[in-house]
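>>> Make a model of this:
(one chain, ligands or ions: 2)
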Amino acid sequence: MNVNLQSPSNIVSSKLQAIRGMNDLLPEQSRLWQYFEEQVRRLMARYGYLEIRTPMLEQTALFKRSIGEVTDIVEKEMYTFEDRNGDSLTLRPEGTASVVRAAIENGLLHNQTQRLWYAGPMFRHERPQKGRYRQFHQIGVETFGLTGPDIDAEVILMSARLWQQLGLYEHVQLELNSLGSAEARAAYRRQLVEYFEAHSDQLDEDARRRLHSNPMRILDTKNPDMQALVEGAPKLIDHLDTESQTHFDQLRALLDTIGIEYVINPRLVRGLDYYDRTVFEWTTTALGSQGTVCAGGRYDGLVEQLGGRATPAVGFAMGVERLILLLETLALIPERAHDTLDAYIMALGEDSARHALALGEQLRSRLPELRVQVHCGGGSFKSQIRRADRSGARYALILGEEEQRSGMIGIKDLRNEVDQQMLDFETLITTLSPSAPRV
Ligand code: ATP
Ligand code: MG
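Numbers count the residues shown, from 1 in each chain. Ligands and ions are numbered 1, 2, ... in the order given. Predicted coordinates for the structure are as follows:
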């Protein structure tokens with residue numbers, strides 16, 4: 001006998017694991033995701049937004065130029081590498097930059113307005129924890145070509161309606177701020193630097209580094225030791241340019257009329273450089289420190305900054321993991337999102353596999369919406385009924401020798417205590433059809 005002592009299975013025995021902070025989505029969870037995604041698709045259709053899909057990899061320069069060199073994302077969170085041609089590529093850390101790039105490149109912005117949405121994975125090298133991952137998912141909207149506060153209000157209303165669709169509206173809070181124009185920010189920046197310089201002993205390392213490169217980012221700090229200092233800083237909202245002030249007042253009036261509640265948060269600056277005027281976040285207290293579930297704002301300068309013709313824009317992005325976590329925490333996932341099967345066909349006795357598969361096909365042809373699974377692999381009545389029960393199906397359909405002889409089908413309600421019945425095919429169709437009263 002020829003024994004190979006160095007078979008590959010002896011050499012390669014250590015288990016391979018997923019990358020930290022990058023999660024598998026198992027069937028149990030993916031059902032919840034599908035429920036959430038369906039709600040989002042419905043929302044987008046209700047407002048006439050169209051989907052755009054862009055690649056997950058982009059040139060590194062795209063993110064550096066849009067998000068900004070002195071931001072958490074670009075300084076420490078991007079997955080950047082050289083490809084085989086020596087080009088520097090980055091796994092997208094967010095969606096807006098890619099959508100703007102695609103819109104410019106494909107001529108979507110010439111004399112037209114656009115209302116777009118996207119969904120997909122994003123990548124940031126952060127410390128993984130509850131609600132914070134290295135591959136996570138965002139769904140976002142981006143609108144182009146509209147200047148007024150009406151479109152700012154529209155994207156906020158859309159997000160509010162999604163919370164309503166999901167039963168979340170009472171559990172989230174809208175925070176609103178204005179970052180003014182670039183000129184107003186420049187003037188404010190000088191004041192802010194003066195203030196922080198006067199208290200430089202209280203700045204942490206990050207803040208000291210950003211004092212001159214990007215002082216507004218200091219306001220975004222998560223360091224609890226700096227909260228008091230940041231609280232006392234001058235507020236940009238008190239130094240807005242007239243146009244931004246008017247824009248902000250009008251937006252507030254629109255939200256007030258429609259009855260959307262918000263709080264003004266003067267420290268809301270967002271972690272990305274491209275925002276101006278309106279910024280907003282939806283937050284919750286139910287998820288601990290990872291409390292922001294959706295964030296957005298206006299970015300009128302970005303299209304030009306990335307090489308397009310100056311085009312006003314506003315959008316938002318929501319964190320899918322955090323929203324699903326929130327829905328689970330608050331037990332807001334409807335029962336039907338869990339349930340996957342209507343009927344499970346059991347196959348007993350001789351020649352049963354053929355009959356069962358055929359019955360499955362006949363049912364699917366007659367009832368296209370019916371979710372039906374056929375038992376495979378034989379086994380006793382007891383083991384098959386156990387499978388049927390575990391499958392989550394409402395009904396077990398039983399094809400035994402007697403049924404095959406008589407041309408009838410046994411049916412057992414797995415959720416209610418009723419006796420097993422024998423039905424002919426047409427009565428079975430009526431019983432299983434979606435409009436049938438459930439026995
Ligand atoms: P945070 O302050 O929590 O780090 P952020 O300001 O970096 O958030 P954005 O870039 O505005 O987040 O992204 C929008 C949304 O995407 C966030 O509000 C959040 O819900 C979600 N999100 C951001 N980073 C992560 C992550 N690493 N894991 C899971 N969700 C995330
Ligand atoms: Mg972040």
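
>>> SS state for the residue in the stretch 51-200 of the chain positioned nearest to ligand 1?
Nearest to ligand 1, among the residues of the stretch 51-200 of the chain, is Phe136, at 3.4 Å (Cβ to the nearest ligand atom). C-beta coordinates here come from the backbone N, C-alpha and C atoms, glycine included. Assigned with DSSP: H, G, I helix; E, B strand; the rest coil, Phe136 falls in the strand class.

>>> Provide the partner residues of it in its beta bridges.
Beta-bridge pairing for Phe136 (DSSP bridges): Met122.

>>> contacting residues around it?
Pro121, Met122, Arg124, Gly319, Val320, Glu321 (Cβ atoms under 8 Å, 6 or more residues apart in numbering).

>>> got a pLDDT number for the second one?
The one in question is Met122. At Met122, the model reports a pLDDT of 98.

>>> cool, the fourth one as well?
Confidence at Gly319, expressed as pLDDT, is 98.

>>> Count the residues that sit near it.
23 (other Cβ atoms under 10 Å).

>>> show me what contacts it?
Gly131, Phe136, His137, Gln138, Thr292, Val293, Cys294.

>>> For the residues you listed, name the two members farthest from one another.
His137 and Thr292 (14.8 Å; Cβ to Cβ).

>>> Can you pull the phi and psi angles for Gly95?
Main-chain torsions, Gly95, degrees, to the nearest 10: phi -100, psi -30.

>>> close enough to count as contact, it and Tyr118?
Yes: contact status for Gly95 versus Tyr118: in contact at 5.2 Å, counting by Cβ atoms under 8 Å.

>>> Same list, the contacts of Phe136, but as CSV with distance to His338 please.
Shown next, in CSV, are the contacts of Phe136 (distance: Cβ to Cβ, whole Å):
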residue, distance to His338
Pro121, 24
Met122, 27
Arg124, 31
Gly319, 23
Val320, 18
Glu321, 19
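
>>> Of these, which are in range of ligand 1?
Arg124, Gly319, Glu321 (Cβ under 6 Å from any ligand atom).

>>> and those as a markdown table, adding secondary structure?
Converted to a markdown table, the ones next to ligand 1 among the contacts of Phe136 look like this (three-state DSSP):
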| residue | secondary structure |
| --- | --- |
| Arg124 | coil |
| Gly319 | strand |
| Glu321 | helix |
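
>>> helices or strands up against the helix or strand hosting Ala356?
Remark: Ala356 resides in helix 352-366, with elements defined by DSSP states H and E. Applying 3 or more Cβ pairs under 8 Å, 6 or more residues apart in numbering; DSSP states H and E, one finds that helix 352-366 contacts strand 343-347, strand 372-374, strand 395-399, helix 401-406, helix 425-432.

>>> sorry, back to before: overlap of the contact sets of Gly95 and Tyr118?
Contacts common to Gly95 and Tyr118, judged by Cβ under 8 Å, 6+ apart, are Thr54, Gly140, Glu142.

>>> Which residue, neighbours along the chain excluded, lies closest to the first one?
Spatial nearest neighbour of Thr54, chain neighbours left out: Ser98 (4.1 Å); criterion: Cβ to Cβ, 6 or more residues apart in numbering.

>>> Same check on the second one?
With sequence-adjacent residues excluded and distances taken as Cβ to Cβ, 6+ apart, Gly140 is closest to Ala317, at 3.6 Å.

>>> If you count neighbours, what's buried in whichever strand or helix holds the one you found?
According to DSSP H and E, Ala317 maps onto strand 313-319. Buried positions in strand 313-319, judged by neighbour count with 16 or more other Cβ atoms under 10 Å: Ala313, Val314, Gly315, Phe316, Ala317, Met318, Gly319.

>>> thinking again about what came up before, next, format the contacts of Gly319 as JSON lines and append pLDDT.
Formatted as JSON lines, the contacts of Gly319 follow (pLDDT from 0 to 100):
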{"residue": "Gly131", "pLDDT": "94"}
{"residue": "Phe136", "pLDDT": "98"}
{"residue": "His137", "pLDDT": "98"}
{"residue": "Gln138", "pLDDT": "98"}
{"residue": "Thr292", "pLDDT": "96"}
{"residue": "Val293", "pLDDT": "98"}
{"residue": "Cys294", "pLDDT": "98"}
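
>>> Make a PyMOL selection of the buried ones in these.
Buried members of those, defined by 16+ other Cβ under 10 Å, are picked up in PyMOL with:
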select buried, resi 131+136+137+138+292+293+294
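
>>> Of the contacts of Gly319, which is the nearest to Met346?
His137 (38.5 Å).

>>> now that we're looking at the closest one, which residues does it contact?
Neighbours of His137 in contact, by Cβ under 8 Å, 6+ apart: Ala119, Gly120, Pro121, Met122, Gly319, Val320, Glu321.

>>> Give the ChimeraX command for selecting the buried subset of those residues.
Burial among the contacts of His137 is assessed by 16+ other Cβ under 10 Å; the matching ChimeraX selection reads:
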select :119,120,122,319,320,321
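
>>> Just give me the closest of the contacts of His137 to Met22.
The closest of the contacts of His137, once distances to Met22 are taken by Cβ to Cβ, is Pro121, at 8.9 Å.

>>> tell me which element Ala186 is part of?
Assigned by DSSP H and E, Ala186 falls in helix 182-198.

>>> Look up phi and psi at Arg322.
Dihedral angles (degrees, to the nearest 10) for Arg322: phi -70, psi -40.

>>> Let me see the contact set for it.
Per Cβ under 8 Å, 6+ apart, neighbours of Arg322: Gly131, Leu287, Gln290, Thr292, Val293.

>>> swap in Leu192?
Taking Cβ under 8 Å, 6+ apart as the test, what Leu192 contacts is Pro215, Met216, Ile218, Leu219, Ala233, Pro234.

>>> could those residues be laid out in a markdown table, adding pLDDT and secondary structure?
Listed next are these as a markdown table, based on pLDDT from 0 to 100; DSSP: H, G, I helix; E, B strand; the rest coil:
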| residue | pLDDT | secondary structure |
| --- | --- | --- |
| Pro215 | 90 | helix |
| Met216 | 88 | helix |
| Ile218 | 91 | helix |
| Leu219 | 89 | helix |
| Ala233 | 94 | coil |
| Pro234 | 94 | coil |
